[in-house]
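Asks: Provided below for reference: sequence and predicted model.
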Amino acid sequence: MNVVSTQRIVWQKAYTQHVLYQGLPFPSRSIFSMDATELERSVRRALRLGAFWLSADARPREYIEFQAAHGVAVSKLCFLPGRGDRYLVTVSQGIWSLISVWDIVQMKENGSNIARATYSPKRMLLSGLVVNSDPDSEGAIAIAVLENTKQRIDILSFSGSRGDGNELQPICTVDTPHRPVALDGDVIIFCDDSSETVVMNWRLGTAALLLSESESDKPSQMQSNRCLQVVTTRGDILVVRARSMDFFPEPQLRSASESSLPYRPLASHSFGWIDGVSVELQTRIPDAQSDEALEPISILLRTEIDDPWSSQPCTLDLFALQPNPAWTSDTETQTVPFDAASDSLPTPFISPYIFPPVHSSISVPTERGALRCSDVILRPYGTAIWIKPRPRSTDLTTFDVHASATQAPARPKPSETLLASVFPGPLRSCHPDVPTEKAIWNRQLEEEREWAAMDYDEALGRVALGGGQGKVTVLDLCQW
């Protein structure tokens, strides 16, 4: 039986029957690129993750805490795809910015909390960072650095011929005032805070400009319209900003010597001012139509309320962009840029998705209160996490303001709570009775009452939280 259990065909069938057709979170790459050992490990982890999400009162099975910075907040953190699923990237802002890469597996094994690699551009400030979604790419990280009022983007790679060294070093520089938003292989996407989005092959130097409606044309609104996320759908690009959402056709990347015009969106929509948003292509269970049909796009957002004293409860609302039945792959046989004469795209171009997004009738109430990290993170299988703020303080009449501090013990200060839920997607489709919202973590030390950053890897079942005083907590939802 031990010999049989190591056969690849055993785990391949287990994957099909107990993971794929049960809608359980699984790595996005093909199982045929995995050897038997990795496939077994991935299937076993998916089954444990399924047990976590199907449980009514689940808690993380493992966690580690370490000090990534001292006296300053961890302003950003993100898991580095591939490379053995070992690494977490953190950013802290002291006098200068510091990027650190941590080996989570090594921390679990021997408790070591020494960064595997660090990078600190002296006399420069970091204004943006993204990791490469392609683990096999030479460029692992893209950063925007500000030096003497001039900004640029650096592509960083690990030293060593195989990219497995212990140093980060720049291998490409792009002179631009924009910030990176997405990095996939050799393609980087960077945006300004108004209307411009640039898609570039950083290795070849070819690029295309996507141009949204400029916020400067709207004097009644705030000028900043920073880019929050970029989603690619079979080449087309959805640009999500703080006040707008624009869907662009697949651009042709051209060299600087070739004349080109900016691309205008096929469709646009605005939700108003967005406090937090996460946009994901829904993974679907394979069927006869899967290869041709477009996947729906889920949009989970937390809107901004202008009145901080409002008693109106906050909600997380789920919207969906449904595929356009009038669109086929034949309607996009070529990509034509914005026509300056007509100020519109040619008529054969129609949006692959129906705008505006449709509310799914799902609204999750959440506490009102100040949040240092207002992110919501939705993933392709429908699982999502967000932070519930600590209860808002009541007015001064609730307390005896003249009482001595020695008359009674100090009340413990409330802390923030990490919440999770399962929204429409493969997991809920296969398990309609899966429990909805659950609180999965609220362990907070007094000096770490505010989380400043977070990231979530759905396929690994791993969450990272960065504290206001530099402490990082990594949670594993299932035991490895």
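Replies: It's in.
Asks: now residue 430. Its backbone dihedrals?
Replies: Per-residue torsions, residue 430: phi -80, psi -20 (degrees, to the nearest 10).
Asks: same check on residue 43?
Replies: The phi/psi pair for residue 43 (degrees, to the nearest 10) is phi -70, psi -50.
Asks: and the gap between it and residue 359?
Replies: As judged by CB to CB, to the nearest Å, residue 43 and residue 359 stand 36 Å apart. Heads up, the C-betas are built off the backbone N, CA and C, glycines and all.
Asks: so residue 10 sits in a helix?
Replies: Yes: under DSSP: H, G, I helix; E, B strand; the rest coil, residue 10 sits within a helix.
Asks: re earlier: which one of residue 43 and residue 359 is surrounded by more residues?
Replies: residue 43 (24 against 12; other CB atoms under 10 Å).
Asks: quick check: that one touching residue 19?
Replies: Yes: the pair residue 43 / residue 19 is scored as a contact, 5.8 Å apart, by CB atoms under 8 Å.
Asks: where does residue 70 land on pLDDT?
Replies: Per-residue pLDDT puts residue 70 at 88.
Asks: apologies, that question was intended for residue 331.
Replies: pLDDT, read off for residue 331, is 58.
Asks: before we move on, what about the one 10 residues further on?
Replies: According to the prediction, residue 341 has pLDDT 45.
Asks: contact partners for residue 6?
Replies: By CB atoms under 8 Å, 6 or more residues apart in numbering, the residues touching residue 6 are 36, 40.
Asks: how about 7 Å then?
Replies: residue 36 (CB atoms under 7 Å, 6 or more residues apart in numbering).
Asks: and what of residue 297?
Replies: With contacts defined as CB under 7 Å, 6+ apart, residue 297 is in contact with 279, 281, 320-321, 353.
Asks: try 8 Å
Replies: Applying CB under 8 Å, 6+ apart, we find residue 297 in contact with 231, 233, 238, 279-282, 320-321, 353, 357.
Asks: so where do the strands sit in the stretch 201-350 of the chain?
Replies: For the stretch 201-350 of the chain, strands defined by DSSP state E, counting those that start in this stretch occupy the ranges 206-211, 227-233, 236-241, 245-248, 267-269, 274-281, 297-303, 314-321.
Asks: of all those, which lies closest to residue 455?
Replies: Nearest to residue 455, of all those, is strand 274-281, at 11.6 Å by CB to CB.
Asks: can you list the buried residues in that closest one?
Replies: 274, 276-281 (16 or more other CB atoms under 10 Å).
Asks: that older thread, and the contacts of residue 297, which is closest to residue 427?
Replies: Nearest to residue 427 among the contacts of residue 297: residue 282, at 10.7 Å, using CB to CB.
Asks: for residue 424, see how far away that closest one is.
Replies: Residue 282 is 7 Å from residue 424, by CB to CB.
Asks: who has more neighbours, the two?
Replies: A direct count of neighbours by other CB under 10 Å for residue 282 and residue 424 places residue 282 higher, at 19 against 15.
Asks: wait, a strand at residue 128?
Replies: Yes: using three-state DSSP, the assignment for residue 128 is a strand.
Asks: related to what we said a few turns ago, so among the buried residues of strand 274-281, where is pLDDT lowest?
Replies: Among those, pLDDT bottoms out at residue 274, giving 78.
Asks: what's the spacing between it and residue 44?
Replies: For residue 274, the distance to residue 44 - CB to CB - is 38 Å.
Asks: ditto for residue 418
Replies: 25 Å.
Asks: now do residue 33
Replies: 18 Å.
Asks: before we move on, back to that, mutual contacts of residue 282 and residue 424, please.
Replies: 298, 382.
Asks: circling back to that earlier point, between the strands of the stretch 201-350 of the chain, which one is closest to residue 384.
Replies: When those are ranked by proximity to residue 384, the top entry is strand 297-303, at 5.8 Å, counting by CB to CB.
Asks: tell me the angle of that closest one relative to strand 274-281?
Replies: 170 degrees (axes from the mean of the first three to the mean of the last three CA atoms, to 10 degrees).
Asks: report the beta-bridge partners for residue 211.
Replies: residue 196 (DSSP bridges).
Asks: please report how far it lies from residue 198.
Replies: Taken as CB to CB, the span from residue 211 to residue 198 is 10 Å.
Asks: the two: which is more packed in?
Replies: residue 198 (20 against 17).
Asks: which pLDDT does the model give the more buried one?
Replies: Model confidence at residue 198, given as pLDDT, is 97.
Asks: for it, give me its contacts.
Replies: By CB under 8 Å, 6+ apart, the neighbours of residue 198 are 176, 178, 189-191, 207-210.
Asks: and it, helix, strand or coil?
Replies: strand.
Asks: for residue 139, same thing?
Replies: From three-state DSSP, the assignment for residue 139 is coil.
Asks: was I right to think it contacts residue 133?
Replies: No: the pair residue 139 / residue 133 is not scored as a contact, 11.2 Å apart, by CB under 8 Å.
Asks: neighbour-wise, which of the two wins?
Replies: Comparing residue 139 with residue 133 by other CB under 10 Å, the one with more neighbours is residue 139, at 23 against 15.
Asks: from residue 254, how far out is the closest residue to that one other than its chain neighbours?
Replies: Excluding the flanking residues, the one nearest residue 139 by CB to CB, 6 or more residues apart in numbering is residue 155, at 4.1 Å. Going from residue 155 to residue 254 by CB to CB gives 20 Å.
Asks: between these two, which one's more packed in?
Replies: Using other CB under 10 Å as the criterion, residue 155 and residue 254 rank with residue 155 on top: 23 against 14.
Asks: that one sits in which helix or strand?
Replies: strand 150-158 (DSSP states H and E).
Asks: next SSE after that strand?
Replies: Trace forward from strand 150-158 with DSSP H and E and the next one is strand 168-174.
Asks: beyond that next one, next helix or strand please.
Replies: Downstream of strand 168-174, the next assigned helix or strand under DSSP H and E is strand 179-184.
Asks: quick one: distance of that following strand to the chain centre.
Replies: 12 Å (CA atoms, centre = their mean, to the nearest Å).
Asks: now for it, which elements pack on it?
Replies: Secondary-structure packing of strand 179-184 (3 or more CB pairs under 8 Å, 6 or more residues apart in numbering; DSSP states H and E): strand 125-131, strand 141-147, strand 150-158, strand 187-191, strand 227-233.
Asks: quick one, which of the ones you listed gets closest to residue 453.
Replies: Taking CB to CB, strand 125-131 is the member of the helices and strands packed on strand 179-184 nearest to residue 453, at 10.8 Å.
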